[in-house]
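Undergrad: A predicted structure for the sequence below; I have some questions about it.
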Amino acid sequence: MKVKIAKNIDDINICYKLREIVFIKEQNVPIDRERDEQDKIAVHFLLYDETTPIGTGRIVIDVDTVTLGRICILKEYRSKGAGLFLMKEIIDYCKKQNFRKIILGAQEHALDFYKKLGFEVCSEKYMDANISHYKMNLEFSVKIN
């Protein structure tokens with residue numbers, strides 16, 4: 001597996017296609033809720049199994065904090081380490097960029113997955129697109145040079 005940052009419109013369209021399969025078709029999220037203005041300013045990541053795109057996610061940067069979202073893995077690759085691989089790559093990217101905190105809205109069924117990566121729940125349950133979510137965050141310690 002490998003992760004790359006989406007560099008052009010073709011890469012972005014692959015991200016959209018993966019999100020369409022997972023969020024719109026599988027989870028019945030309306031397209032107007034799945035796509036938003038943040039897509040234009042986000043850094044999009046693509047996960048490949050050899051040459052096949054199998055997952056995606058994005059970060060939106062706000063000074064030294066990022067909001068992570070639209071994390072999805074194709075059904076046939078779930079529970080095989082693909083999501084963990086993608087998340088570790090995104091977290092490593094954030095650390096290298098010296099971001100101090102990652103925030104995300106986790107679907108309730110994925111809480112344990114994110115907790116294994118060090119994320120902590122920081123909100124009450126809320127509904128987004130008729131799916132139960134919790135806000136979670138992961139803070140990095142400050143680097144001293």
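TA: Perfect, I can see it now. Numbers count the residues shown, from 1 in each chain.
Undergrad: which parts of this protein are helices?
TA: For the chain, the helices defined by DSSP state H cover 9-19, 31-34, 82-96, 111-116.
Undergrad: any buried residues in the top strand by length along the chain, and which?
TA: The single longest strand within the chain, with elements called by DSSP state E, is strand 52-62. Across strand 52-62, burial judged by 16 or more other C-beta atoms under 10 Å covers 53-60. Where you see a C-beta, it was placed from the backbone N, CA and C, and this is true even at glycine.
Undergrad: how about TSV for those, with distance to residue 93 and pLDDT added?
TA: Below are the buried residues of strand 52-62 laid out as TSV (distance: C-beta to C-beta, whole Å; pLDDT from 0 to 100):
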residue	distance to residue 93	pLDDT
53	18	97
54	18	97
55	15	97
56	14	97
57	10	97
58	12	96
59	8	96
60	13	96
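Undergrad: widest-spaced pair of these?
TA: 54 and 60 (22.5 Å; C-beta to C-beta).
Undergrad: ok, residue 91 - contacts?
TA: For residue 91, the contact set (C-beta atoms under 8 Å, 6 or more residues apart in numbering) comprises 102, 117, 138.
Undergrad: got any ranges where this protein has weak pLDDT?
TA: For the chain, the stretches with pLDDT under 70 are 142-145.
Undergrad: how distant is the longest strand of the chain from the center of its chain?
TA: Relative to its parent chain, strand 52-62 has a centroid offset of 5 Å by C-alpha atoms, centre = their mean, to the nearest Å.
Undergrad: what's the answer for stretch 33-50, then?
TA: 8 Å.
Undergrad: is residue 135 bridged to anything, and to what?
TA: Counting by DSSP bridges, residue 135 is bridged to residue 105.
Undergrad: pretty sure it contacts residue 120?
TA: No. Counting by C-beta atoms under 8 Å, residue 135 does not reach residue 120; the two are 9.8 Å apart.
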